[in-house]
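Engineer: predicted model follows, preceded by the sequence.
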Amino acid sequence: MAIQQIFVKCHNCSCMSGPFMALSKEQMARVDQNRTELTYNKGETICKQGSFISNMIFIKRGLVKLYLETKPSPTVISVEKNGYFIGLQSITGQSVFHYSAEALEDTELCLVNIDVFKELILENAKFGAGIIEYINNDMIKLYERFHSITHKQIHGRFAEFLLYLKDNIYQQNPFALSISKKDMADIISTSNESVSRLCSELKKEGIIEEKGRTITVLDEEKLKQISKFG
């Protein structure tokens, strides 16, 4: 069950993202008056594909899996961390979530009323440009993921994902996994058994080290080569 938590005012928030830096004091105050903060426990559903969207969702802290409700199993779009907006694709067109989202670890969210969000885009060109940049970056990531799934073998996809975790999600080496091997398998479109086998192969080759849930990349250049050509 999500628990509401109220933190600092928006203008003092250390998690303030780029587009919001362009807002005036009055506009920022309007955001502050039309938002709420929630926490979700690991494994809880944040939003469901096709459900009505009334708020833009900003990840303040944590890790979130975005996925499509496909059959026989969900199709994972991406894994996102703090600084990411959920629901930007609904700014125009259908007022529904186009994908589902699940907390992969305990996660703090800031929800901003979508109507206020739309007003600020029309009022403030710099804010609007910042939001467009977010959407554009999302599209580029989607193109890259589509290329990876359709052109790379399982070894290449796994190596690419490990590098993504190290460089973008945890931003450190070694890093402690907060996601399960099942989630990893879903993300790179394979089975749990394949993920375990791939880890074993990379360990034997001296490319990574795995102790419990902590992974250390020992040979980054080799991992990059596998990611590129695997």
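Structural biologist: Looks like it came in fine.

Engineer: after the strand or helix carrying Arg157, which helix or strand is next?
Structural biologist: Arg157 belongs to helix 154-164 when assigned by DSSP states H and E. Sequence-wise, the next helix or strand downstream of helix 154-164 (DSSP H and E) is strand 175-176.

Engineer: so what strands line up beside that next one?
Structural biologist: When sheet partners are counted by DSSP bridges, strand 175-176 sits next to strand 214-217 (antiparallel).

Engineer: which SSE is immediately downstream of the helix or strand that contains Leu109?
Structural biologist: Assessed by DSSP H and E, Leu109 sits inside strand 107-113. Next helix or strand after strand 107-113 toward the C-terminus (DSSP H and E): helix 114-123.

Engineer: buried stuff in that following helix?
Structural biologist: For helix 114-123, burial by neighbour count (16 or more other Cβ atoms under 10 Å) applies to 114, 116-117, 120-121. All C-beta spots, glycine's among them, are computed from the backbone N, C-alpha and C.

Engineer: quick check: bridge partners of the residue nearest the centre of the chain?
Structural biologist: Central residue of the chain (Cα atoms, centre = their mean): Glu80, 1.1 Å from the mean position. Judged by DSSP bridges, the bridge partners of Glu80 are Val64.

Engineer: ok, now which ones touch it?
Structural biologist: 59, 63-64, 66, 86 (Cβ atoms under 8 Å, 6 or more residues apart in numbering).

Engineer: check Leu177 too.
Structural biologist: Contact analysis of Leu177 by Cβ under 8 Å, 6+ apart lists 165, 213-215.

Engineer: can you do 10 Å?
Structural biologist: Listed by Cβ atoms under 10 Å, 6 or more residues apart in numbering, the contact partners of Leu177 are 104, 165, 169-170, 183-184, 210, 212-215.

Engineer: returning to what we had before: give the other helices and strands that the helix holding Arg157 contacts.
Structural biologist: strand 75-81, helix 125-151, helix 181-187, helix 192-204, strand 214-217, helix 220-229 (3 or more Cβ pairs under 10 Å, 6 or more residues apart in numbering; DSSP states H and E).

Engineer: can you list the ones you listed in a markdown table and add distance to His98 and mean pLDDT?
Structural biologist: Converted to a markdown table, those look like this (distance: least, Cβ to Cβ, whole Å; pLDDT from 0 to 100):
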| stretch | distance to His98 | mean pLDDT |
| --- | --- | --- |
| strand 75-81 | 9 | 90 |
| helix 125-151 | 11 | 90 |
| helix 181-187 | 18 | 88 |
| helix 192-204 | 27 | 94 |
| strand 214-217 | 32 | 96 |
| helix 220-229 | 28 | 94 |
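
Engineer: ok so, going back, buried subset of the contacts of Leu177?
Structural biologist: Those of those that meet the buried threshold are 104, 165, 169-170, 183-184, 215, by 16+ other Cβ under 10 Å.

Engineer: and the residue lying closest to Phe161 once chain neighbours are set aside, how many neighbours does it have?
Structural biologist: The spatially closest residue to Phe161, leaving aside those adjacent along the chain, is Ile188, at 5.4 Å (Cβ to Cβ, 6 or more residues apart in numbering). Using other Cβ atoms under 10 Å, the number of residues around Ile188 comes to 22.
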